[in-house]
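1. Structure of the sequence below:
(chains A and B)
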Amino acid sequence: MIWDWRYALEILPDLIRALGVTVQATLLGMLIALVLGLVWAMLRRLPNRWIAGTIHWSVEFVRSTPLLVQIYFIFFILPDRGLTLSPFVAGVLALGLHYSTYTAEVYRAGIEGVPKGQWEAAMALNMGPWLTWRRVILPQAIPPVIPALGNYLIAMFKDTPMLAAIAVMELLQTAKLMGSETFRYLEPLTLVGLLFLAVSLVASRGVRKLETHFAGR
Amino acid sequence: MTLIALIPPLMKGLWITVGVTLGGALVAAVAAFAAGLARLSRHRWLNVPALVYIDVFRGTSALVQLFWAYFALPLFGVKLDAVTVGILVLGLNVGAYGAEVVRGAILAVPTDQYEAALALNFSDRQITWRIVLPQALPAMLPAFGNLLIELLKATALVSLITLGDLTFQAQVLRGATLQSAQIFSLVLIIYFALAMALTWGVRQLERRLAVGQDRGGLHR
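-> Below you'll find the predicted structure:
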(Lines give C-alpha, C1' and ligand atoms only; values in the text may rest on other atoms or scores of the structure.)
Protein backbone atom coordinates (compact mmCIF):
# COMPACT_ATOMS: atom_id res chain seq x y z
CA MET A 1 0.00 0.00 0.00
CA ILE A 2 1.78 3.11 -1.16
CA TRP A 3 0.68 6.59 -2.00
CA ASP A 4 -0.95 6.75 -5.46
CA TRP A 5 -0.11 10.09 -7.07
CA ARG A 6 -2.45 9.64 -10.02
CA TYR A 7 -5.43 9.01 -7.78
CA ALA A 8 -4.44 11.92 -5.55
CA LEU A 9 -4.26 14.34 -8.49
CA GLU A 10 -7.54 13.00 -9.84
CA ILE A 11 -9.48 13.77 -6.65
CA LEU A 12 -7.76 17.06 -5.82
CA PRO A 13 -10.10 19.33 -7.88
CA ASP A 14 -13.19 17.88 -6.19
CA LEU A 15 -11.59 18.33 -2.78
CA ILE A 16 -10.74 21.94 -3.51
CA ARG A 17 -14.35 22.51 -4.56
CA ALA A 18 -15.46 20.98 -1.24
CA LEU A 19 -13.03 23.29 0.55
CA GLY A 20 -15.17 26.08 -0.86
CA VAL A 21 -18.19 24.71 1.01
CA THR A 22 -16.10 24.48 4.18
CA VAL A 23 -14.96 28.08 3.81
CA GLN A 24 -18.52 29.24 3.12
CA ALA A 25 -19.81 27.49 6.25
CA THR A 26 -16.98 29.04 8.26
CA LEU A 27 -17.61 32.58 7.05
CA LEU A 28 -21.39 32.40 7.49
CA GLY A 29 -20.98 30.79 10.91
CA MET A 30 -18.51 33.50 11.92
CA LEU A 31 -20.94 36.20 10.83
CA ILE A 32 -23.55 34.74 13.20
CA ALA A 33 -20.97 34.31 15.96
CA LEU A 34 -19.80 37.93 15.63
CA VAL A 35 -23.32 39.34 15.89
CA LEU A 36 -24.70 36.98 18.56
CA GLY A 37 -21.54 37.19 20.67
CA LEU A 38 -21.85 40.98 20.78
CA VAL A 39 -25.50 40.65 21.77
CA TRP A 40 -24.58 38.29 24.67
CA ALA A 41 -21.73 40.56 25.80
CA MET A 42 -24.01 43.62 25.82
CA LEU A 43 -26.96 41.85 27.49
CA ARG A 44 -24.65 40.60 30.21
CA ARG A 45 -24.00 44.19 31.23
CA LEU A 46 -27.67 45.04 31.74
CA PRO A 47 -28.46 46.23 35.26
CA ASN A 48 -31.25 43.65 35.45
CA ARG A 49 -29.69 40.76 37.33
CA TRP A 50 -32.11 38.17 36.02
CA ILE A 51 -31.36 38.84 32.38
CA ALA A 52 -27.61 39.16 32.97
CA GLY A 53 -27.53 35.96 35.04
CA THR A 54 -29.60 33.96 32.57
CA ILE A 55 -27.37 35.05 29.71
CA HIS A 56 -24.25 34.25 31.72
CA TRP A 57 -25.33 30.68 32.47
CA SER A 58 -26.74 30.03 29.00
CA VAL A 59 -23.46 31.11 27.45
CA GLU A 60 -21.56 28.95 29.94
CA PHE A 61 -23.81 25.99 29.12
CA VAL A 62 -23.40 26.23 25.35
CA ARG A 63 -19.64 26.71 25.67
CA SER A 64 -19.15 23.71 27.96
CA THR A 65 -21.06 21.19 25.87
CA PRO A 66 -19.97 19.51 22.63
CA LEU A 67 -20.62 21.26 19.33
CA LEU A 68 -21.42 17.91 17.72
CA VAL A 69 -24.34 17.32 20.08
CA GLN A 70 -25.54 20.87 19.46
CA ILE A 71 -25.45 20.22 15.71
CA TYR A 72 -27.62 17.12 16.22
CA PHE A 73 -29.89 19.09 18.53
CA ILE A 74 -30.58 21.80 15.97
CA PHE A 75 -30.76 19.40 13.03
CA PHE A 76 -33.09 16.82 14.60
CA ILE A 77 -35.23 18.91 16.94
CA LEU A 78 -36.21 21.97 14.97
CA PRO A 79 -38.06 19.80 12.38
CA ASP A 80 -40.24 18.48 15.24
CA ARG A 81 -41.22 22.10 15.85
CA GLY A 82 -42.20 22.46 12.21
CA LEU A 83 -39.00 24.17 11.06
CA THR A 84 -37.13 21.97 8.62
CA LEU A 85 -33.61 23.12 7.88
CA SER A 86 -31.18 21.88 5.28
CA PRO A 87 -28.10 20.21 6.82
CA PHE A 88 -25.96 23.15 5.70
CA VAL A 89 -28.17 25.78 7.36
CA ALA A 90 -28.52 23.73 10.55
CA GLY A 91 -24.75 23.24 10.67
CA VAL A 92 -23.98 26.91 10.11
CA LEU A 93 -26.48 27.91 12.82
CA ALA A 94 -24.89 25.48 15.29
CA LEU A 95 -21.37 26.69 14.46
CA GLY A 96 -22.45 30.32 14.85
CA LEU A 97 -24.28 29.72 18.10
CA HIS A 98 -21.46 27.68 19.63
CA TYR A 99 -18.75 30.15 18.70
CA SER A 100 -20.87 33.14 19.79
CA THR A 101 -20.19 31.96 23.35
CA TYR A 102 -16.45 32.33 22.69
CA THR A 103 -16.73 35.67 20.89
CA ALA A 104 -18.91 36.92 23.77
CA GLU A 105 -15.95 36.41 26.12
CA VAL A 106 -13.64 38.18 23.68
CA TYR A 107 -15.99 41.16 23.40
CA ARG A 108 -16.34 41.21 27.18
CA ALA A 109 -12.58 41.58 27.56
CA GLY A 110 -12.63 44.41 25.04
CA ILE A 111 -15.54 46.17 26.75
CA GLU A 112 -13.91 45.84 30.16
CA GLY A 113 -10.78 47.39 28.69
CA VAL A 114 -12.59 50.66 28.02
CA PRO A 115 -11.88 53.06 30.92
CA LYS A 116 -14.77 53.84 33.24
CA GLY A 117 -14.33 57.55 32.55
CA GLN A 118 -15.61 56.96 29.02
CA TRP A 119 -18.98 55.77 30.37
CA GLU A 120 -19.12 58.68 32.77
CA ALA A 121 -18.21 61.21 30.12
CA ALA A 122 -20.92 59.82 27.82
CA MET A 123 -23.42 60.13 30.64
CA ALA A 124 -22.28 63.67 31.40
CA LEU A 125 -22.92 64.53 27.75
CA ASN A 126 -26.45 63.18 28.19
CA MET A 127 -26.01 60.36 25.69
CA GLY A 128 -28.51 57.52 25.93
CA PRO A 129 -27.34 53.91 26.42
CA TRP A 130 -27.69 53.05 22.75
CA LEU A 131 -25.74 56.08 21.61
CA THR A 132 -23.07 55.43 24.25
CA TRP A 133 -22.55 51.86 23.06
CA ARG A 134 -22.55 52.75 19.39
CA ARG A 135 -20.46 55.90 19.37
CA VAL A 136 -18.24 55.65 22.46
CA ILE A 137 -17.78 52.14 23.85
CA LEU A 138 -17.79 49.76 20.90
CA PRO A 139 -15.47 51.82 18.66
CA GLN A 140 -12.89 51.56 21.44
CA ALA A 141 -13.69 48.03 22.61
CA ILE A 142 -13.67 46.14 19.32
CA PRO A 143 -10.44 47.01 17.45
CA PRO A 144 -8.09 45.66 20.16
CA VAL A 145 -9.85 42.28 20.19
CA ILE A 146 -9.94 41.74 16.43
CA PRO A 147 -6.88 39.40 16.51
CA ALA A 148 -8.53 37.26 19.21
CA LEU A 149 -11.66 37.06 17.07
CA GLY A 150 -9.43 35.99 14.18
CA ASN A 151 -8.14 33.08 16.26
CA TYR A 152 -11.71 31.88 16.78
CA LEU A 153 -12.32 32.16 13.04
CA ILE A 154 -9.48 29.66 12.56
CA ALA A 155 -10.78 27.45 15.37
CA MET A 156 -14.22 27.43 13.76
CA PHE A 157 -12.72 26.54 10.39
CA LYS A 158 -11.16 23.47 12.02
CA ASP A 159 -14.50 22.49 13.56
CA THR A 160 -16.49 22.54 10.30
CA PRO A 161 -15.67 18.84 9.57
CA MET A 162 -18.25 18.07 12.27
CA LEU A 163 -20.89 19.05 9.73
CA ALA A 164 -20.01 15.77 8.00
CA ALA A 165 -22.01 14.09 10.79
CA ILE A 166 -25.21 15.49 9.30
CA ALA A 167 -24.01 14.81 5.73
CA VAL A 168 -23.08 18.34 4.65
CA MET A 169 -20.87 17.89 1.59
CA GLU A 170 -17.92 19.75 3.04
CA LEU A 171 -14.29 18.69 2.81
CA LEU A 172 -14.28 15.69 5.16
CA GLN A 173 -17.62 14.28 4.01
CA THR A 174 -16.46 14.51 0.39
CA ALA A 175 -13.24 12.67 1.24
CA LYS A 176 -15.17 10.03 3.17
CA LEU A 177 -17.42 9.33 0.20
CA MET A 178 -14.40 9.10 -2.11
CA GLY A 179 -12.84 6.63 0.29
CA SER A 180 -15.94 4.47 0.51
CA GLU A 181 -16.20 4.35 -3.30
CA THR A 182 -12.64 3.28 -3.98
CA PHE A 183 -11.59 1.82 -0.59
CA ARG A 184 -8.61 4.13 -0.71
CA TYR A 185 -8.87 6.37 2.36
CA LEU A 186 -5.20 7.30 2.50
CA GLU A 187 -5.09 9.84 -0.33
CA PRO A 188 -8.37 11.69 0.29
CA LEU A 189 -7.91 11.92 4.06
CA THR A 190 -4.26 12.94 3.82
CA LEU A 191 -5.10 15.62 1.26
CA VAL A 192 -7.88 16.91 3.52
CA GLY A 193 -5.39 17.15 6.39
CA LEU A 194 -2.89 18.99 4.19
CA LEU A 195 -5.53 21.42 2.94
CA PHE A 196 -6.56 22.20 6.51
CA LEU A 197 -2.94 22.62 7.52
CA ALA A 198 -2.20 24.96 4.60
CA VAL A 199 -5.21 27.19 5.18
CA SER A 200 -4.79 27.42 8.94
CA LEU A 201 -1.05 28.10 8.79
CA VAL A 202 -1.62 30.93 6.32
CA ALA A 203 -4.55 32.22 8.38
CA SER A 204 -2.62 32.20 11.63
CA ARG A 205 0.15 34.16 9.98
CA GLY A 206 -2.54 36.67 9.01
CA VAL A 207 -3.73 36.86 12.61
CA ARG A 208 -0.18 37.48 13.77
CA LYS A 209 0.03 40.38 11.29
CA LEU A 210 -3.21 41.75 12.74
CA GLU A 211 -1.72 41.48 16.22
CA THR A 212 1.31 43.56 15.34
CA HIS A 213 -0.93 45.98 13.43
CA PHE A 214 -3.18 46.62 16.42
CA ALA A 215 -0.33 46.52 18.92
CA GLY A 216 1.29 49.43 17.12
CA ARG A 217 -1.72 51.72 17.56
CA MET B 1 -40.06 6.02 27.00
CA THR B 2 -40.03 8.15 30.10
CA LEU B 3 -37.09 10.36 30.89
CA ILE B 4 -35.94 7.96 33.63
CA ALA B 5 -35.94 5.02 31.22
CA LEU B 6 -33.55 6.89 28.95
CA ILE B 7 -30.89 7.12 31.62
CA PRO B 8 -29.55 3.52 31.85
CA PRO B 9 -28.61 3.23 28.15
CA LEU B 10 -26.96 6.66 28.29
CA MET B 11 -24.96 5.62 31.37
CA LYS B 12 -23.25 2.94 29.32
CA GLY B 13 -21.95 5.65 27.03
CA LEU B 14 -21.12 7.98 29.88
CA TRP B 15 -18.40 5.65 31.16
CA ILE B 16 -16.73 5.58 27.76
CA THR B 17 -16.87 9.39 27.61
CA VAL B 18 -15.31 9.62 31.07
CA GLY B 19 -12.69 6.99 30.22
CA VAL B 20 -11.64 8.66 26.97
CA THR B 21 -11.52 12.05 28.72
CA LEU B 22 -9.28 10.77 31.53
CA GLY B 23 -7.08 8.68 29.21
CA GLY B 24 -6.81 11.57 26.78
CA ALA B 25 -5.92 13.95 29.61
CA LEU B 26 -3.06 11.68 30.64
CA VAL B 27 -1.72 11.51 27.07
CA ALA B 28 -2.20 15.26 26.70
CA ALA B 29 -0.30 16.03 29.92
CA VAL B 30 2.68 13.90 28.89
CA ALA B 31 2.68 15.31 25.34
CA ALA B 32 2.28 18.90 26.55
CA PHE B 33 5.25 18.72 28.92
CA ALA B 34 7.44 16.77 26.52
CA ALA B 35 6.76 19.10 23.59
CA GLY B 36 6.66 22.26 25.70
CA LEU B 37 10.06 21.52 27.25
CA ALA B 38 11.49 20.36 23.92
CA ARG B 39 10.41 23.64 22.32
CA LEU B 40 12.51 25.49 24.89
CA SER B 41 15.53 23.28 24.34
CA ARG B 42 18.65 24.63 22.64
CA HIS B 43 19.07 21.37 20.73
CA ARG B 44 17.64 21.52 17.26
CA TRP B 45 16.80 17.80 17.19
CA LEU B 46 14.45 18.37 20.14
CA ASN B 47 13.20 21.78 19.11
CA VAL B 48 12.21 21.11 15.49
CA PRO B 49 10.26 17.84 15.99
CA ALA B 50 8.30 19.50 18.80
CA LEU B 51 7.47 22.44 16.55
CA VAL B 52 6.32 20.11 13.75
CA TYR B 53 4.16 18.12 16.18
CA ILE B 54 2.54 21.27 17.57
CA ASP B 55 1.90 22.82 14.15
CA VAL B 56 0.49 19.65 12.59
CA PHE B 57 -1.88 18.88 15.45
CA ARG B 58 -2.97 22.48 15.91
CA GLY B 59 -3.17 23.19 12.21
CA THR B 60 -5.51 20.36 11.25
CA SER B 61 -8.88 19.44 12.59
CA ALA B 62 -9.38 16.98 15.48
CA LEU B 63 -12.03 15.08 13.53
CA VAL B 64 -9.80 14.81 10.46
CA GLN B 65 -7.03 13.47 12.69
CA LEU B 66 -9.37 10.86 14.17
CA PHE B 67 -10.50 9.76 10.71
CA TRP B 68 -6.97 9.63 9.44
CA ALA B 69 -5.77 7.51 12.34
CA TYR B 70 -8.79 5.22 12.13
CA PHE B 71 -9.19 4.79 8.36
CA ALA B 72 -5.85 5.67 6.75
CA LEU B 73 -3.29 4.52 9.33
CA PRO B 74 -4.30 0.83 9.03
CA LEU B 75 -3.08 0.98 5.41
CA PHE B 76 0.42 1.39 6.83
CA GLY B 77 -0.11 -1.77 8.87
CA VAL B 78 -0.86 0.10 12.10
CA LYS B 79 -4.28 -1.11 13.13
CA LEU B 80 -5.58 0.40 16.37
CA ASP B 81 -9.03 -0.08 17.87
CA ALA B 82 -11.38 2.86 18.23
CA VAL B 83 -10.73 3.43 21.95
CA THR B 84 -6.97 3.60 21.45
CA VAL B 85 -7.34 5.92 18.47
CA GLY B 86 -9.72 8.15 20.44
CA ILE B 87 -7.48 8.42 23.49
CA LEU B 88 -4.23 8.85 21.55
CA VAL B 89 -5.44 11.28 18.90
CA LEU B 90 -7.51 13.51 21.19
CA GLY B 91 -4.73 13.41 23.79
CA LEU B 92 -2.10 14.41 21.23
CA ASN B 93 -4.41 17.08 19.81
CA VAL B 94 -5.05 18.74 23.17
CA GLY B 95 -1.41 18.14 24.14
CA ALA B 96 -0.29 20.31 21.22
CA TYR B 97 -2.29 23.22 22.64
CA GLY B 98 -1.03 22.35 26.12
CA ALA B 99 2.59 22.50 24.91
CA GLU B 100 2.17 26.21 24.19
CA VAL B 101 0.71 26.68 27.69
CA VAL B 102 3.72 24.90 29.24
CA ARG B 103 6.12 26.95 27.15
CA GLY B 104 4.43 30.24 28.00
CA ALA B 105 4.30 29.53 31.73
CA ILE B 106 7.97 28.55 31.83
CA LEU B 107 9.00 31.66 29.91
CA ALA B 108 7.02 33.72 32.42
CA VAL B 109 9.24 32.59 35.33
CA PRO B 110 11.47 35.61 36.05
CA THR B 111 15.05 35.26 34.81
CA ASP B 112 16.53 36.20 38.19
CA GLN B 113 15.16 32.87 39.45
CA TYR B 114 17.48 31.13 36.97
CA GLU B 115 20.36 33.40 37.89
CA ALA B 116 19.87 32.78 41.60
CA ALA B 117 19.73 29.01 41.04
CA LEU B 118 22.84 29.18 38.89
CA ALA B 119 24.64 31.23 41.55
CA LEU B 120 23.73 28.51 44.06
CA ASN B 121 25.38 25.98 41.75
CA PHE B 122 22.18 24.08 40.86
CA SER B 123 22.43 21.68 37.92
CA ASP B 124 20.25 22.13 34.81
CA ARG B 125 18.01 19.30 35.94
CA GLN B 126 17.64 20.74 39.43
CA ILE B 127 16.79 24.16 38.01
CA THR B 128 14.04 22.65 35.87
CA TRP B 129 12.50 20.42 38.53
CA ARG B 130 13.14 22.36 41.74
CA ILE B 131 12.99 26.00 40.68
CA VAL B 132 11.16 26.49 37.39
CA LEU B 133 8.37 23.90 37.28
CA PRO B 134 7.09 24.48 40.83
CA GLN B 135 6.65 28.14 39.95
CA ALA B 136 5.35 27.61 36.42
CA LEU B 137 2.82 24.90 37.29
CA PRO B 138 0.29 27.11 39.13
CA ALA B 139 0.37 29.51 36.17
CA MET B 140 -0.50 26.66 33.78
CA LEU B 141 -3.48 25.34 35.70
CA PRO B 142 -6.24 27.74 34.62
CA ALA B 143 -5.37 27.19 30.95
CA PHE B 144 -5.14 23.42 31.54
CA GLY B 145 -8.61 23.58 33.07
CA ASN B 146 -9.96 25.15 29.87
CA LEU B 147 -8.18 22.55 27.75
CA LEU B 148 -9.70 19.77 29.84
CA ILE B 149 -13.18 21.08 29.00
CA GLU B 150 -12.17 21.27 25.31
CA LEU B 151 -11.02 17.63 25.58
CA LEU B 152 -14.30 16.56 27.18
CA LYS B 153 -16.21 18.25 24.36
CA ALA B 154 -13.95 16.70 21.74
CA THR B 155 -14.65 13.19 23.05
CA ALA B 156 -18.09 13.48 21.39
CA LEU B 157 -16.20 13.08 18.10
CA VAL B 158 -15.24 9.47 18.90
CA SER B 159 -18.90 8.57 18.26
CA LEU B 160 -18.09 9.17 14.57
CA ILE B 161 -15.41 6.45 14.58
CA THR B 162 -17.93 3.91 15.94
CA LEU B 163 -17.01 4.20 19.63
CA GLY B 164 -20.08 3.86 21.89
CA ASP B 165 -19.73 7.03 23.96
CA LEU B 166 -22.50 9.25 25.33
CA THR B 167 -23.16 10.95 21.99
CA PHE B 168 -23.17 7.59 20.18
CA GLN B 169 -25.71 6.13 22.62
CA ALA B 170 -27.84 9.24 22.19
CA GLN B 171 -27.90 8.67 18.44
CA VAL B 172 -28.82 5.00 18.94
CA LEU B 173 -31.63 5.96 21.30
CA ARG B 174 -32.86 8.62 18.91
CA GLY B 175 -33.09 6.01 16.18
CA ALA B 176 -35.05 3.69 18.46
CA THR B 177 -37.43 6.17 20.14
CA LEU B 178 -37.43 9.35 18.00
CA GLN B 179 -37.55 11.39 21.23
CA SER B 180 -34.83 13.72 19.96
CA ALA B 181 -35.65 16.67 22.20
CA GLN B 182 -35.60 14.72 25.47
CA ILE B 183 -32.54 12.66 24.59
CA PHE B 184 -30.33 15.47 23.37
CA SER B 185 -31.39 17.82 26.17
CA LEU B 186 -30.51 15.15 28.70
CA VAL B 187 -27.18 14.47 27.02
CA LEU B 188 -26.29 18.16 26.95
CA ILE B 189 -27.11 18.43 30.66
CA ILE B 190 -24.91 15.41 31.43
CA TYR B 191 -22.00 16.96 29.50
CA PHE B 192 -22.52 20.23 31.33
CA ALA B 193 -22.49 18.45 34.69
CA LEU B 194 -19.23 16.69 33.73
CA ALA B 195 -17.71 20.00 32.67
CA MET B 196 -18.73 21.62 35.97
CA ALA B 197 -17.19 18.72 37.89
CA LEU B 198 -13.91 19.05 35.97
CA THR B 199 -13.83 22.82 36.49
CA TRP B 200 -14.41 22.31 40.22
CA GLY B 201 -11.64 19.72 40.39
CA VAL B 202 -9.13 21.96 38.64
CA ARG B 203 -10.02 24.84 40.95
CA GLN B 204 -9.34 22.64 44.00
CA LEU B 205 -5.97 21.72 42.52
CA GLU B 206 -5.20 25.39 41.86
CA ARG B 207 -5.96 26.20 45.47
CA ARG B 208 -3.74 23.41 46.73
CA LEU B 209 -0.81 24.31 44.47
CA ALA B 210 -1.11 27.98 45.41
CA VAL B 211 -0.16 27.18 49.03
CA GLY B 212 3.19 28.73 49.82
CA GLN B 213 3.31 30.80 46.62
CA ASP B 214 3.77 34.49 47.15
CA ARG B 215 1.73 35.44 44.08
CA GLY B 216 -1.56 34.47 42.49
CA GLY B 217 -3.70 32.01 44.35
CA LEU B 218 -3.78 33.49 47.83
CA HIS B 219 -6.61 35.94 47.36
CA ARG B 220 -8.87 33.69 45.33
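2. any bit of the lengthiest helix in chain A sitting next to chain B?
-> Taking DSSP state H as the criterion, chain A has its longest helix at helix A:5-43. No: for helix A:5-43, no contact with chain B is found by CB under 8 Å from any CB of the partner chain; the gap never falls below 9.7 Å. Where C-beta positions appear, they are placed from N, C-alpha and C, glycine not excepted.
3. ok now that helix, how far from the chain's centre?
-> Distance, stretch centre to chain centre, for helix A:5-43: 9 Å (CA atoms, centre = their mean, to the nearest Å).
4. now the chain, which segments are flagged as low pLDDT?
-> Just so you know, I chose chain A. Along chain A, the parts satisfying pLDDT under 70 run over A:1, A:216-217.
5. not what I meant, chain B
-> Looking at chain B by pLDDT under 70, you get B:212-220.
6. Contact residues of it facing chain A?
-> Taking CB under 8 Å from any CB as the contact definition, chain B meets chain A at B:55-56, B:58-65, B:67-68, B:71-72, B:75-76, B:149, B:152-157, B:159-160, B:167, B:170-171, B:174, B:180-181, B:184-185, B:187-188, B:191-192, B:195-196.
7. Chain B contacts on chain A?
-> Selection of chain A residues close to chain B by CB under 8 Å from any CB yields A:1, A:61, A:64-70, A:72-73, A:76-77, A:80, A:158-162, A:164-165, A:172, A:175-176, A:179, A:185-186, A:189-190, A:192-193, A:196-197, A:200-201, A:204.
8. residue closest to the middle of chain B?
-> residue B:25 (4.1 Å; CA atoms, centre = their mean).
9. for chain B, what spans make up the helices?
-> Going by DSSP H, chain B shows helices at B:3-40, B:44-59, B:62-67, B:82-107, B:111-119, B:124-126, B:133-154, B:166-177, B:180-210.
10. Let me know which of the ones you listed is the nearest to residue A:114.
-> Of all the helices of chain B, it is helix B:133-154 that lies closest to residue A:114, at 24.1 Å by CB to CB.
11. Could you list the buried residues of the closest one?
-> Residues of helix B:133-154 classed as buried: B:133, B:135-141, B:143-145, B:147-154 (neighbour count, 16 or more other CB atoms under 10 Å in any protein chain shown).
12. now what about stretch A:64-78, what contacts it?
-> For stretch A:64-78, contacts defined as CB atoms under 8 Å, 6 or more residues apart in numbering or on different chains pick out A:62, A:84-85, A:87, A:90-91, A:93-95, A:97-98, A:159, A:162-163, A:165-166, B:149, B:152-157, B:159-160, B:167, B:170-171, B:174, B:180-181, B:184-185, B:187-188, B:191-192, B:195-196.
13. What are the boundaries of the helices in chain A?
-> Counting by DSSP H, the helices of chain A are A:5-43, A:49-64, A:67-77, A:87-112, A:116-124, A:129-131, A:138-141, A:146-159, A:171-182, A:186-215.
14. Could you export those helices to JSON lines, including columns for distance to residue B:37 and mean neighbour count?
-> JSON lines is the format used below for those (distance: least, CB to CB, whole Å; neighbours: other CB atoms under 10 Å in any protein chain shown):
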{"stretch": "helix A:5-43", "distance to residue B:37": "34", "mean neighbour count": "17"}
{"stretch": "helix A:49-64", "distance to residue B:37": "30", "mean neighbour count": "15"}
{"stretch": "helix A:67-77", "distance to residue B:37": "32", "mean neighbour count": "23"}
{"stretch": "helix A:87-112", "distance to residue B:37": "29", "mean neighbour count": "21"}
{"stretch": "helix A:116-124", "distance to residue B:37": "42", "mean neighbour count": "12"}
{"stretch": "helix A:129-131", "distance to residue B:37": "50", "mean neighbour count": "11"}
{"stretch": "helix A:138-141", "distance to residue B:37": "38", "mean neighbour count": "16"}
{"stretch": "helix A:146-159", "distance to residue B:37": "24", "mean neighbour count": "19"}
{"stretch": "helix A:171-182", "distance to residue B:37": "33", "mean neighbour count": "20"}
{"stretch": "helix A:186-215", "distance to residue B:37": "23", "mean neighbour count": "17"}
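15. Minimum distance to residue B:42: which of these has it?
-> helix A:186-215 (24.2 Å).
16. Does anything pack onto that closest one? Which helices or strands?
-> helix A:5-43, helix A:146-159, helix A:171-182, helix B:44-59, helix B:62-67 (3 or more CB pairs under 8 Å, 6 or more residues apart in numbering or on different chains; DSSP states H and E).
17. Just want the angle from it to helix A:146-159.
-> 170 degrees (axes from the mean of the first three to the mean of the last three CA atoms, to 10 degrees).
18. Show me how far helix A:186-215 is from its chain's centre.
-> With CA atoms, centre = their mean, you get 15 Å for helix A:186-215.
19. Next, the angle from it to helix A:171-182.
-> 170 degrees.
20. sorry, back to before: identify, out of the helices of chain B, the most deeply packed stretch.
-> helix B:62-67 (a mean of 24; mean count of other CB atoms under 10 Å in any protein chain shown).
21. What are the contacting residues of that helix?
-> A:158-159, A:161-162, A:164, A:172, A:175-176, A:185, A:189, A:192-193, A:196, B:57, B:85-86, B:89-90, B:92-93, B:154, B:157-158, B:160-161.
22. chain center to stretch A:108-123, what's the gap?
-> Centroid separation between stretch A:108-123 and its chain, computed with CA atoms, centre = their mean, is 26 Å.
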